[in-house]
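Trainee: Below is the sequence, then the predicted model.
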Amino acid sequence: MNDNGQNEDTSPFRSRADGQLHFEPGTEGDTFPVTAPEDATPLEEHEPEGTIPPSPLWAMKERAHGGIHIFGHPSRIRARAGEGDAAVYAIDDGTKHCMIGRRVGATTDGCVYSLVARIDLATWQALESHAVDGRSAFLSAHEVGLSGTVETNGVSNVFDVDWYENPADIPDAYLPPNPFITFAEDLPTADR
């Protein structure tokens, strides 16, 4: 910590033992107060199917549009198409769309990265019936991004790593059926 109460990297934050960030002493007047949640809950709550691994599930939930359904909630989708490295998972996202996701890789410290995207319901049905493969589904999707997820002591953290405006921007190694990647270090997060 330097003389003005900041860490050597000039950040006014310091990590706590539970992974939350808090302000360095002496910086309270220059920063917006942030309080860590007292009862943070895991995002896998209310997922009795157990079909989708946590990383793509949490990332899809975080990116889904959802919305208010005047005439009731559409049919719940919690599904997988394909096996092994070709597996693509889906959750419902309104009456005409689904979120799809796949596990891309992880770092040795436990951060898991998933490619997620929004597709129309017809594309999901084609993927589920094997009329198209996972690679084709992602290349025809929109709102495609790479998300990182971390679970520590029952608390889930989801963050954006990258966004892909065009299908050609998606790294080939992230598309199915490419194998799961072990990243040597954390990937940089996306700037919003």
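Mentor: In hand now; what should we look at?
Trainee: Could I get the buried residue list for the top helix by length along the chain?
Mentor: Counting residues, the longest helix in the chain under DSSP state H turns out to be helix 54-63. By neighbour count, and taking 16 or more other Cβ atoms under 10 Å as the criterion, the buried residues in helix 54-63 are P54, S55, P56, L57, W58, A59, M60, K61, E62, R63. (C-beta placed from N, C-alpha, C; glycine too.)
Trainee: Number of residues surrounding the nearest residue to the second one once chain neighbours are set aside?
Mentor: Same thing as S55. Across the structure, with Cβ to Cβ, 6 or more residues apart in numbering as the measure, the residue nearest S55 apart from its sequence neighbours is V112 (3.8 Å). Counted with other Cβ atoms under 10 Å, the neighbours of V112 add up to 22.
Trainee: before we move on, what about P176?
Mentor: Number of residues near P176 (other Cβ under 10 Å) recorded here: 22.
Trainee: any idea which element it lies in?
Mentor: Using DSSP states H and E, P176 sits in no helix or strand.
Trainee: Then V104?
Mentor: Assignment of secondary structure by DSSP H and E places V104 within strand 97-107.
Trainee: ok, the closest residue in space to L187 that isn't next to it in sequence - contacts?
Mentor: With Cβ to Cβ, 6+ apart as the criterion, L187 has its nearest non-adjacent residue at 5.1 Å, and that residue is V161. The contact partners of V161, by Cβ atoms under 8 Å, 6 or more residues apart in numbering, come to Y113, G145, L146, S147, G148, L187, P188, T189, A190.
Trainee: re earlier: how near is the residue nearest to S55 to P171?
Mentor: Counting by Cβ to Cβ, to the nearest Å, the separation of V112 from P171 is 16 Å.
Trainee: Show me the strands in this structure, by range?
Mentor: 13-15, 21-23, 78-81, 88-92, 97-107, 112-120, 142-152, 155-164, 181-183 (DSSP state E).
Trainee: Let me know which of those is the nearest to E128.
Mentor: Taking Cβ to Cβ as the criterion, E128 comes closest to strand 78-81 out of the strands of the chain, the separation being 4.9 Å.
Trainee: Pull up the pairing partners for that closest one, direction included.
Mentor: strand 88-92 (antiparallel) (DSSP bridges).
Trainee: residues in contact with the strand it pairs with?
Mentor: By Cβ under 8 Å, 6+ apart, the list of residues contacting strand 88-92 from outside reads 51-53, 56-57, 60-61, 64, 74-82, 98-102, 124, 127-128, 134, 137-138, 176.
Trainee: what's around the residue lying closest to A117 once chain neighbours are set aside, how many residues?
Mentor: Spatial nearest neighbour of A117, chain neighbours left out: A141 (3.5 Å); criterion: Cβ to Cβ, 6+ apart. When neighbours are counted by other Cβ under 10 Å, A141 registers 22.
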